[in-house]
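S.K.: my questions concern the predicted model and sequence given below.
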Amino acid sequence: MEVISLHIDIISRRTGRSAIQMAAYCSRDKLYSDYTGKSYDYTDRQDLVYHEIILPDYAPDTFRNSEVLWNSVEKIEKSKNARLARTVIIALPKELSHSSHIQMVRQYAQEFFVQQGMCADISIHDKGDGNPHAHILLTTRSLDRDGKWMCKQRKNYLLDKNGNRVRDSVTRQYKLGRNIKTNDWDEPERVEEWRKGWARVCQSWFERCGISKEITHISYARQGLDREPTIHLGARVKALEDRGLLTDRSKKNRDIKMRNHERDRLIFREHMEKDRERGWERDR
C-alpha cells in the first residue's frame, strides 16, 4: 500500500517570507507586493499546467486575481510575525492524466478548504520528469459574510455565576480569559483530516480510472511496517538522473529501497519457516 506525499508549511513574516512571492512562484507569474515594494517574477518557468483561485461564496470576486488577493492578505496582517498563508504541496499520481489531476485537486481544495471558508490559490506543475505536483496556497484569516477579513481571535471575558463580566478591582477593567480563535484551521486534527481526505480522493480516482492500486495517508511507522520511507528527489535531481548522473539523494533512495527489499525477503522467509513448522506439527 502506497503512502501519499503531502507537505504542509506556513508562510510567515517571522521567517522573512512573502505571500505575494509564494503566489508568484506557484502561479509562475509576475506579481507586485505593496508591502515589500518588490516585484516577484517567475514567468520564465515553463512547467505550469493549471492555475485557478477558488473562493468561498462570500469572498469578493476581485480575489480571483492573485495579486489582489495576496496584497489584501499582506495589508490586513500588521504583525512582523504574522502568519500570512498556509501552503499544501501534494505529489500527483503519475498514472493519471493532467485532466484528472486538475479535477481531483479542484475537488480536494473545494471540499476540504474552500467549504471551510478559506481562499484556495491552486497551481499544478509538471516538467515531464515524473514529478507532477500541486501547490495549494491557503488564507489563514476568516472572511465574514460581507467579504471582510475577520480578526483571528476574539476576546473572551470572564463571567461570574450570573453571566456578568468580572471587573478587576485594581485596573477597573473587565477580566479576560484565553482568547478564542475565529477558526480551527490550526488544530492538529485538521492535518490528519486533510491527509486522509487527499488519500480518499486519490483512491476514488484510481477506482474511477480502473487502476488497481491502494493508497493511504498512514505512514509506514503507524502501519506497524518496518519500512523506511524514500525521500523526495525533486525535479533537479530527477533531471540529473535522466542524464545518467548519480546524486547523493538518489543514491540514498536506492539504499533505502535495497534495505526495504532485504527486510521483505527476510520476513517472507520467516513466514515460510513458520508455515513449514505448522505443517510439520499437523502432519505429526
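M.R.: Received it, and whenever you're ready, just let me know what you need.
S.K.: care to break this protein down by domain?
M.R.: Here the domain parsing of the chain from automatic domain parsing is 2-142+189-215, 149-182, 227-283.
S.K.: now do the same end-to-end measure for the shortest one.
M.R.: The stretch domain 149-182 measures 11 Å between its terminal residues, going by CA to CA, to the nearest Å.
S.K.: where along this protein do the strands fall?
M.R.: Using DSSP state E, the strands of the chain run over 2-3, 6-12, 30-33, 38-41, 48-54, 83-91, 120-125, 133-139, 153-154, 180-181, 215-216.
S.K.: stretch 77-88: which residues count as buried?
M.R.: 77, 82-88 (16 or more other CB atoms under 10 Å). Every C-beta, even on glycine, is put in place using the N, C-alpha and C of the backbone.
S.K.: just the CA trace of it, in CSV.
M.R.: C-alpha atoms of stretch 77-88 as CSV (Å, rounded to 0.1, in the frame of the first residue of the first chain):
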residue,chain,number,x,y,z
GLU,A,77,-1.7,41.4,8.7
LYS,A,78,0.1,44.1,10.8
SER,A,79,2.4,42.0,12.9
LYS,A,80,6.0,41.4,12.0
ASN,A,81,5.5,37.8,13.0
ALA,A,82,2.2,37.4,11.1
ARG,A,83,1.3,34.0,9.6
LEU,A,84,0.3,35.0,6.0
ALA,A,85,-0.6,31.8,4.3
ARG,A,86,-0.6,28.0,4.6
THR,A,87,0.8,26.0,1.7
VAL,A,88,-0.1,22.4,0.9
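S.K.: outside of it itself, list whatever touches it.
M.R.: Residues outside stretch 77-88 that contact it (CB atoms under 8 Å, 6 or more residues apart in numbering) are 6-14, 17-19, 22, 26, 70, 73-74, 135-141, 185, 194.
S.K.: related to what we said a few turns ago, from the domains of the chain, which stretch is densest packed?
M.R.: Mean neighbour count (mean count of other CB atoms under 10 Å) peaks for domain 2-142+189-215 among these, with a mean of 17.
S.K.: and it, how far out from the chain middle?
M.R.: Offset of domain 2-142+189-215 from its chain centre (CA atoms, centre = their mean, to the nearest Å): 8 Å.
S.K.: ok, back up a step: for Ile102, which of the strands of the chain is the nearest?
M.R.: Among the strands of the chain, strand 48-54 comes nearest to Ile102, with 5.0 Å by CB to CB.
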